[in-house]
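> I would like the atomic coordinates for the input below:
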Amino acid sequence: ISINVNNGFDIATELTFIDAWITSLSYTLQLYFDFSGYMDMAMGLAIMFNIRLPINFNSPYKAKNIQDFWRRWHITLSNFLREYIYIPLGGNRKKEFRVWGNILITFLLGGIWHGAGWTFMLWGFLHGFALVVYRIWQKTNIKINSFFSWFLTFNFINLTWVFFRAENL
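Below you'll find the model as predicted:
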């Protein structure tokens, strides 16, 4: 998969619509297989030494909303960001506007944690913004079809991985 991904991102401006989608979907799968595979190996090695590591990936691409995705993806990092950034900022114990700011700050810092570049900051901002939109949407009590909810979430994640992987904006 990495060969497709590297080739696609190397000539990103020349890709056709279909090739761009294949490249982005390939990267989405590559990222999951790499991280989840590394974690599976680490957990297996740890068990050999009678050490139990926490589950770090719980079928994140099955998530039906952005909040659910972050409860399933890179769980240890998500927990760290929540415990050491989001909660000290006030978490969700403040007024709604402040909570939105706390979410955005947390995810911007999460983006910077991955790399000090505009692409990572944009990736973090988009995820923070999506969580804010999701919080607002929850208050409407409008239910979305389960398949459509998954489809929307998966495609949002796929699209934002492009910014995560891109060399520049």
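> does Lys94 count as helix, strand or coil?
Following DSSP: H, G, I helix; E, B strand; the rest coil, Lys94 is assigned to coil.
> gap between it and Ile105?
Computed as Cβ to Cβ, to the nearest Å, the Lys94 to Ile105 distance reads 12 Å. C-beta: built from backbone N, CA, C; applies to glycine.
> Ser78 too?
Distance, Ser78 to Ile105, by Cβ to Cβ: 15 Å.
> quick one, which of those two is more surrounded?
The residue with more neighbours, out of Ser78 and Ile105, is Ser78; 18 against 15, by other Cβ atoms under 10 Å.
> Which is the succeeding secondary structure element to the host helix or strand of the more buried one?
Using DSSP states H and E, Ser78 maps to helix 75-81. For helix 75-81, the succeeding helix or strand toward the C-terminus, using DSSP H and E, is helix 96-114.
> Tell me the gap between that next one and the middle of its chain.
Relative to its chain's centre, helix 96-114 lies at 13 Å (Cα atoms, centre = their mean, to the nearest Å).
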